[in-house]
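Chemist: Sequence below, structure please.
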Amino acid sequence: MTTLRNGLDSLLRPEDSVLVLIDHQPFQLTNLNSHDPHMAVNNATALAKSAKAFNVPTILTSVIADRGGYIFPQITEVFPGQEIIDRTLINTWQDKKVVDAVKATGRKQLIIAGLWTEVCVAMPAIQALGEGWDVTVVTDASGGISVESHQVAIQRMIVAGANMMTWMAVTAEWQRDWARLETAGAVTEILKQHAAGSGIAYLWEQQLLNTPVPAAA
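Modeler: Residues are numbered from 1 along each chain as shown. Next comes the predicted model:
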């Protein structure tokens with residue numbers, strides 16, 4: 001029987017969240033076909049910046065980086081100097097260093113994004129769910145080798161009990177209230193840089209508000 005995820009307590013809270021970004025690397029990006037690769041990089045970067053804005057601990061991990069390439073600099077630049085856990089295990093949740101780093105945060109809401117959805121996201125999500133973790137997968141900061149493989153992986157993880165969200169939804173859920181001024185400014189900057197239509201509309205709004213009303217002829 002599936003346990004319904006509903007109620008206020010089911011929403012993400014920054015103080016209870018921990019983010020794991022998995023294998024956002026060049027090799028994986030070359031065969032990403034479920035999303036525009038520009039969007040995959042953009043969305044993963046926006047998610048990373050949101051996590052930093054809300055002080056959400058973020059674990060960066062790659063697989064055999066000396067052959068598969070380093071994690072996108074757009075992500076690593078958000079966390080300068082942070083150790084990247086490089087693995088040989090395809091399933092991140094079987095790597096003790098990663099799991100120990102997550103457990104050390106004391107957080108219970110595990111948020112995962114990575115490439116590819118059907119492999120490097122699905123495996124740890126399903127294992128962690130079986131171990132009692134509250135797992136959210138950020139689908140648009142992830143991606144698979146085809147639309148089908150991405151969608152089937154999402155269906156598989158939903159059946160296992162995972163929560164599915166997009167990066168904008170995660171950011172909004174962490175913010176929750178625009179009266180949280182300590183993060184509202186940072187969120188606005190992230191929207192300006194990564195939310196395209198919404199960010200540009202905000203800039204246009206500011207332009208119009210600062211445009212003098214023409215004098216009567």
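Chemist: And the next helix or strand past the lengthiest helix in the chain?
Modeler: Ranked by residue count and defined by DSSP state H, the top helix of the chain is helix 37-53. Once helix 37-53 ends, the next helix or strand along the chain (criterion: DSSP states H and E) is strand 58-63.
Chemist: Mind giving me the packing neighbours of that following strand?
Modeler: In terms of contacts (3 or more C-beta pairs under 8 Å, 6 or more residues apart in numbering; DSSP states H and E), strand 58-63 is packed against strand 17-22, helix 37-53, strand 85-87, helix 96-104. Placement of C-beta: from N, CA and C, glycine included.
Chemist: In the second one, which residues are buried?
Modeler: Buried positions in helix 37-53, judged by neighbour count with 16 or more other C-beta atoms under 10 Å: 40-51, 53.
Chemist: any idea which of the residues you listed is closest to residue 101?
Modeler: The closest of the buried residues of helix 37-53 to residue 101 turns out to be residue 51 (C-beta to C-beta; 14.2 Å).
Chemist: Now do the helix or strand where residue 186 lies and helix 37-53, the angle between them.
Modeler: Here residue 186 is covered by helix 181-194, with elements defined by DSSP H and E. Interaxial angle of helix 181-194 relative to helix 37-53 (axes from the mean of the first three to the mean of the last three C-alpha atoms, to 10 degrees): 170 degrees.
Chemist: Distance from helix 181-194 to the middle of the chain?
Modeler: Averaging C-alpha positions (C-alpha atoms, centre = their mean, to the nearest Å) puts helix 181-194 16 Å from its chain's average.
Chemist: before we move on, the earlier item: can you pick out the most distant pair from the buried residues of helix 37-53?
Modeler: Using C-beta to C-beta, the pair of the buried residues of helix 37-53 lying farthest apart is 40 and 53, separated by 20.6 Å.
Chemist: Regarding the nearest residue to residue 149 once chain neighbours are set aside, what is its secondary structure?
Modeler: Of all residues not flanking residue 149 in the chain, residue 118 sits nearest, at 4.4 Å (C-beta to C-beta, 6 or more residues apart in numbering). The three-state label for residue 118, taken from DSSP: H, G, I helix; E, B strand; the rest coil, comes out as helix.
Chemist: give the contact list for residue 118.
Modeler: 144, 145, 149, 150, 152, 153 (C-beta atoms under 8 Å, 6 or more residues apart in numbering).
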